[in-house]
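*Asks:* Curious how this folds, go ahead:
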Amino acid sequence: MPRLKQGSRLCRAARGRAIVMPALRILRIATALAALSWAVPVRAATDIAWWHAMSGELGRQLEKLATDFNASQSDYRIVPVYKGNYTETVTAAIFAFRSRSQPAIVQVNEVATATMTAAKGAIYPVFNLMRDQGEPFSLADYLPAVSGYYTDAAGNLLSFPFNSSTPILYYNKTMFRDAGLDPETPPKTWPALGLAAKRLRDHGASCGFTTSWPSWIHVENFSAFHNLPVASRANGFAGLDAELTINNPTLVRHVAQLGEWQKTKVFDYGGRGQAAEPRFQRGECGIFIGSSATRADIKANSKFEIGYGMMPYWPDVKDAPQNSIIGGATLWVLRDRPREEYKGVARFFAYLSQPGVQAAWHQNTGYLPITRGAFELTRSQGFYERNPGSAISFEEITLHPPTENSKGIRLGSFVLIRGAIEDELEQAFAGHKSAQAALDSAVERGNKLLRQFERASPER
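*Replies:* Below is the predicted model:
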């Protein structure tokens, strides 16, 4: 019995060791594997700087794009950095490039496209980027009126279209009813707009209509909508030796008519940029032509029912209306960043091109969708039905396929040229110069700036 008990104890111990030993071995293996995994560092996401010029709500929407992309994958982290307005952002990027501290992505407004295009050694064209990094990319997916503004002579996309807008017409339906005008019918032509604005004035409006961005609306988009060139050489797309052609009879007549309407405040000039917009929001002017991207702001700050329409046109001009052109900005990729960053930039641009991402950006900001897929998705979601007027910008910019005259503008120093044009428009509106003299002077001043840019360009 004692031996049997001892044997039982030995058997039980053996069985215990049979259970414990494999468990210990498993624990040791697990510990070794864990130590091995701790020895291999976790790969950190590659940071990619994105310098931009958007503040306020637009800035928050931009940051949301970056946050959502960062959450969608773990390899790259887009880091948005606000650098001030467009001019300040571009200037900062130029200085940073000289000191080799430039970001991978910088937001640049559309009128600086020629300046960026001329800086060949500093930019990494988007079509090359997407091809080199093997990201899916087809120019046919993008709206021609948007992508065409940023392509080279061969039709290759140089920068990534981001926030694009176009001018549309806003009108005060309450004031239209009070003046006996049809609140459901916006004026489609300039003669019809003049008559409606006069009617509004006759019924007590402080001004019939006003507009923002004088050159963008009354010269650049007016010309595109009437299929007229702003400059020779395909509006500058075909070469640096372009010359302005804005002193043509159609534009002279238009500016002269604005000057006549100004005398009785049928038209009332409200200043440069967006300075005139609050006059419409306050109910002083019954009609306003301004950026489609301010639609949400106008709706939020106006205490009356708003109607929407396309830009007006002169019905006796052949081929009018054609299509409008864009304003806004685009994303340029700068050279001399680490190779890994460019893989992330390409993936980010592919992400931004997705219909769902573009549709949300379009709906939340009022900017145009850059792809037809985003437009179709927005329409299928019922957004345009719930938000009257929100599809007009898309319809206007795609009214007809862009021509050489309505593709966009590629002129050097165009920020300065636009300033010269607006100087001269103000002279005409104030009655200090005839429309012809003002536009002749704008052409002369603008051509001097073009020649200066041409002499300084490395393409010469």
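
*Asks:* Show me the residue at the heart of the chain, geometrically.
*Replies:* Asn163 (1.9 Å; CA atoms, centre = their mean).

*Asks:* in what helix or strand does that one lie?
*Replies:* strand 160-165 (DSSP states H and E).

*Asks:* That strand pairs with which strands, parallel or anti?
*Replies:* strand 327-333 (antiparallel) (DSSP bridges).

*Asks:* picking that back up, could you identify the helix or strand that succeeds the strand holding Asn163?
*Replies:* Assigned by DSSP H and E, the successor of strand 160-165 is strand 167-172.

*Asks:* and that next one, C-alpha only, in PDB?
*Replies:* Provided in PDB are the C-alpha atoms of strand 167-172 (Å, rounded to 0.1, in the frame of the first residue of the first chain):
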ATOM      1  CA  PRO A 167     -20.200  83.200 -61.400                       C
ATOM      2  CA  ILE A 168     -23.900  82.700 -61.100                       C
ATOM      3  CA  LEU A 169     -26.900  85.100 -60.800                       C
ATOM      4  CA  TYR A 170     -28.700  85.600 -57.500                       C
ATOM      5  CA  TYR A 171     -32.000  87.600 -57.200                       C
ATOM      6  CA  ASN A 172     -34.300  88.600 -54.400                       C
END
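
*Asks:* Now do it: which elements does it pack against?
*Replies:* Contact analysis of strand 167-172 by 3 or more CB pairs under 8 Å, 6 or more residues apart in numbering; DSSP states H and E lists strand 285-291, helix 295-301, strand 306-309, helix 392-397 as its packing neighbours. In this view, the C-beta of every residue, glycine as well, is placed from N, C-alpha and C.

*Asks:* Out of those, which is the most enclosed?
*Replies:* strand 285-291 (a mean of 27; mean count of other CB atoms under 10 Å).

*Asks:* what residues does it touch?
*Replies:* 165-172, 175-176, 179, 187, 193, 196-197, 200, 205-213, 217, 268, 270, 274, 276-277, 279-280, 298, 311, 327 (CB atoms under 8 Å, 6 or more residues apart in numbering).

*Asks:* Now list the buried members of those.
*Replies:* 165-172, 175-176, 179, 187, 193, 196-197, 200, 205, 207-213, 217, 268, 270, 276-277, 279-280, 298, 311, 327 (16 or more other CB atoms under 10 Å).

*Asks:* Take those residues and keep only those in strands.
*Replies:* Using DSSP state E, the subset of these located in strands is 165, 167-172, 207-211, 327.

*Asks:* Tell me the predicted confidence for Asp297.
*Replies:* Per-residue pLDDT puts Asp297 at 87.

*Asks:* what does Arg28 give?
*Replies:* Value listed for Arg28 in the pLDDT field: 52.

*Asks:* Kindly report the same for Thr117.
*Replies:* On the pLDDT scale, Thr117 gets 89.

*Asks:* ditto for Leu4
*Replies:* The model's pLDDT for Leu4 equals 39.

*Asks:* now do Ala53
*Replies:* Ala53 is given a pLDDT of 95.

*Asks:* Likewise for Asp152?
*Replies:* Value for Asp152, per-residue pLDDT: 87.

*Asks:* give me every residue that touches the spatially closest residue to Trp332 that is not a sequence neighbour.
*Replies:* In this structure, Trp332 finds its nearest non-sequential neighbour in Ser159, 4.6 Å apart by CB to CB, 6 or more residues apart in numbering. Applying CB under 8 Å, 6+ apart, we find Ser159 in contact with 108, 113, 116, 123, 125-126, 150, 330-333.

*Asks:* Repeat that for Pro167.
*Replies:* 211, 213, 216-217, 221, 289-292, 311, 324, 327.

*Asks:* which one of the helices and strands packed on strand 167-172 has the lowest average pLDDT?
*Replies:* Minimum mean pLDDT among the helices and strands packed on strand 167-172: helix 295-301, a mean of 89.

*Asks:* Pipe the contacts of Ser159 into JSON lines and attach neighbour count per row.
*Replies:* Listed next are the contacts of Ser159 as JSON lines, based on neighbours: other CB atoms under 10 Å:
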{"residue": "Val108", "neighbour count": "25"}
{"residue": "Thr113", "neighbour count": "26"}
{"residue": "Met116", "neighbour count": "20"}
{"residue": "Ile123", "neighbour count": "21"}
{"residue": "Pro125", "neighbour count": "19"}
{"residue": "Val126", "neighbour count": "26"}
{"residue": "Tyr150", "neighbour count": "28"}
{"residue": "Thr330", "neighbour count": "27"}
{"residue": "Leu331", "neighbour count": "23"}
{"residue": "Trp332", "neighbour count": "29"}
{"residue": "Val333", "neighbour count": "24"}
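
*Asks:* Against Ala114, how distant is Phe237?
*Replies:* 9 Å (CB to CB, to the nearest Å).

*Asks:* Kindly report the same for Lys173.
*Replies:* Counting by CB to CB - Lys173 and Ala114 are separated by 41 Å.

*Asks:* and those two? which has more neighbours close in?
*Replies:* Neighbours per residue, other CB atoms under 10 Å: of Lys173 and Ala114, the larger number sits with Ala114, 20 against 17.

*Asks:* Can I get the host helix or strand of the more buried one in PDB? Just the C-alpha atoms.
*Replies:* Assigned by DSSP H and E, Ala114 belongs to helix 113-118. Extracted in PDB, the C-alpha atoms of helix 113-118 (Å, rounded to 0.1, in the frame of the first residue of the first chain):
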ATOM      1  CA  THR A 113      -1.300  79.100 -63.100                       C
ATOM      2  CA  ALA A 114       1.100  80.600 -65.700                       C
ATOM      3  CA  THR A 115       3.500  81.600 -63.000                       C
ATOM      4  CA  MET A 116       3.600  78.100 -61.600                       C
ATOM      5  CA  THR A 117       3.800  76.500 -65.100                       C
ATOM      6  CA  ALA A 118       6.800  78.600 -65.900                       C
END
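
*Asks:* Which other helices and strands does it contact?
*Replies:* Short answer (3+ CB pairs under 8 Å, 6+ apart): helix 113-118 packs on helix 435-456.

*Asks:* if we can go back for a sec, now distance to Leu228 too, for the contacts of Ser159, in a markdown table please.
*Replies:* Output for those, formatted as a markdown table (distance: CB to CB, whole Å):
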| residue | distance to Leu228 |
| --- | --- |
| Val108 | 26 |
| Thr113 | 20 |
| Met116 | 26 |
| Ile123 | 30 |
| Pro125 | 30 |
| Val126 | 30 |
| Tyr150 | 22 |
| Thr330 | 24 |
| Leu331 | 30 |
| Trp332 | 29 |
| Val333 | 33 |
